[in-house]
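J.: Sequence and predicted structure below; questions after.
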Amino acid sequence: MSANQDGSSKSLEVVCRIAPKNGKESCVSLVDDRYVKLIAPTNYVTRNNDAFLFKFDCVFDENDTQRDIFRRCLLDFVENLISGNDSLLFTYGVTGSGKTFTMTGNAESDNSGLLPRTLDVIFRSLPNIMEKCIFKPNGRNGFAIQTEEKAQLERRTIPLPSYSIAKRLVETVATKSLSNSRCCAVFISYIEIYNDMCYDLLDENLTDERLFTSKNIRIDSVTRKAYVEKIKEVEVESCDEAIEQFLQG
Ligand SMILES: Nc1ncnc2c1ncn2[C@@H]1O[C@H](COP(=O)(O)OP(=O)(O)OP(=O)(O)O)[C@@H](O)[C@H]1O
């Protein structure tokens, strides 16, 4: 869900990012911030030399930075998420078009992608992040709360986080924070859906014989929301800890 500049909101927004040409001939050119033109390559025979025009909610070109894209497309998204609603972002494009770069990016020269930036803003916006193991996922996108005694015992069994990530510039933009009267916990899960199979990428037992470890996607009978059955949900207390889980997945 994202809000338009006029304050109205839309349930779906499609934006386009044009990757750098790197000296190569490009068939894609930006017309303005909403239209993209596709032109056949030189020496390519077409019936009537037509250029094709495509309209998007927004178009970014090679001069737009990761930061520009995050601030234009993801801020409302994060706000929606921390207000308790679902948000989904996905990238789509041919191989080498920049999906991984846009989502993950790299730490150098402020090229950090949408995922680490989103995590930065989420962690800055959440008040009172609880010590681990107080909230316990119920495996259906919900949670239970356990006593401090039980949580303390369980905390002793979880490994301390280790960090291998490089130093990076942190996304500093702020969004609407939750009220201080709330308590929060953040859990990460990471799945891959490939050829109708669903794999838990945080499962240490995931082997090459993946076919046998495919998870089931179910609908919760009460909330009517979809969830993946029996996947690992790892509790994290900081943005770096969350990114570390992602890198291990
Ligand atoms: N906007 C951009 N600015 C700078 N470099 C970019 C940009 N988009 C893509 N690249 C570079 O182009 C290369 C290919 O991009 P990337 O790996 O993100 O593609 P992909 O769509 O994820 O490909 P695949 O589907 O094969 O995984 C990478 O070296 C990446 O750093």
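T.: The structure has been received and is ready for your questions.
J.: neighbours around residue 215, how many?
T.: The number of residues packed near residue 215 is 17, by other C-beta atoms under 10 Å. For the C-beta atoms, the positions are set from N, CA and C on the backbone; glycine is no exception.
J.: So which elements touch the helix or strand where residue 76 lies?
T.: In this structure, residue 76 sits in helix 75-82 according to DSSP states H and E. Judged by 3 or more C-beta pairs under 8 Å, 6 or more residues apart in numbering; DSSP states H and E, helix 75-82 is in contact with strand 2-3, helix 114-125.
J.: With just CA atoms, put that helix into CSV.
T.: Below are the C-alpha coordinates for helix 75-82, written out as CSV (Å, rounded to 0.1, in the frame of the first residue of the first chain):
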residue,chain,number,x,y,z
LEU,A,75,8.5,5.2,3.6
ASP,A,76,4.7,4.9,3.4
PHE,A,77,5.2,1.2,3.2
VAL,A,78,7.1,1.1,6.5
GLU,A,79,4.6,3.3,8.2
ASN,A,80,1.8,1.0,7.0
LEU,A,81,3.7,-2.0,8.3
ILE,A,82,4.4,-0.6,11.8
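J.: Return the distance of it from the chain's centre.
T.: Distance, stretch centre to chain centre, for helix 75-82: 12 Å (C-alpha atoms, centre = their mean, to the nearest Å).
J.: measure residue 153 to the ligand for me?
T.: 43 Å (C-beta to the nearest ligand atom, to the nearest Å).
J.: my hunch is that that residue is in a helix, does that hold up?
T.: Yes - checked against DSSP: H, G, I helix; E, B strand; the rest coil, residue 153 lies within a helix.
J.: which residues does it contact?
T.: Neighbour list for residue 153: empty [criterion: C-beta atoms under 8 Å, 6 or more residues apart in numbering].
J.: same check, this time on residue 124
T.: So residue 124 contacts 174, 177 (C-beta under 8 Å, 6+ apart).
J.: what stretches of this structure score poorly on pLDDT?
T.: Within the chain, the set of residues satisfying pLDDT under 70 comprises 1-9, 48-49, 107-109, 166, 208-212.
J.: what's the spacing between the residue positioned nearest the centre of it and the ligand?
T.: Centroid-nearest residue in the chain, with C-alpha atoms, centre = their mean: residue 115, separated by 4.7 Å. Relative to the ligand, residue 115 is positioned 12 Å away (C-beta to the nearest ligand atom).
J.: Please name the nearest non-neighbouring residue to that residue.
T.: Closest residue in space to residue 115, ignoring its immediate chain neighbours: residue 103 at 5.4 Å, by C-beta to C-beta, 6 or more residues apart in numbering.
J.: I figured that neighbour hits residue 114, correct?
T.: Yes - at 5.5 Å, residue 103 and residue 114 qualify as touching, with contact defined as C-beta atoms under 8 Å.
J.: So if I had to pick from the two, which one is more boxed in?
T.: Counted by other C-beta under 10 Å, residue 103 and residue 114 do not tie: residue 114 has more neighbours, with 20 against 16.
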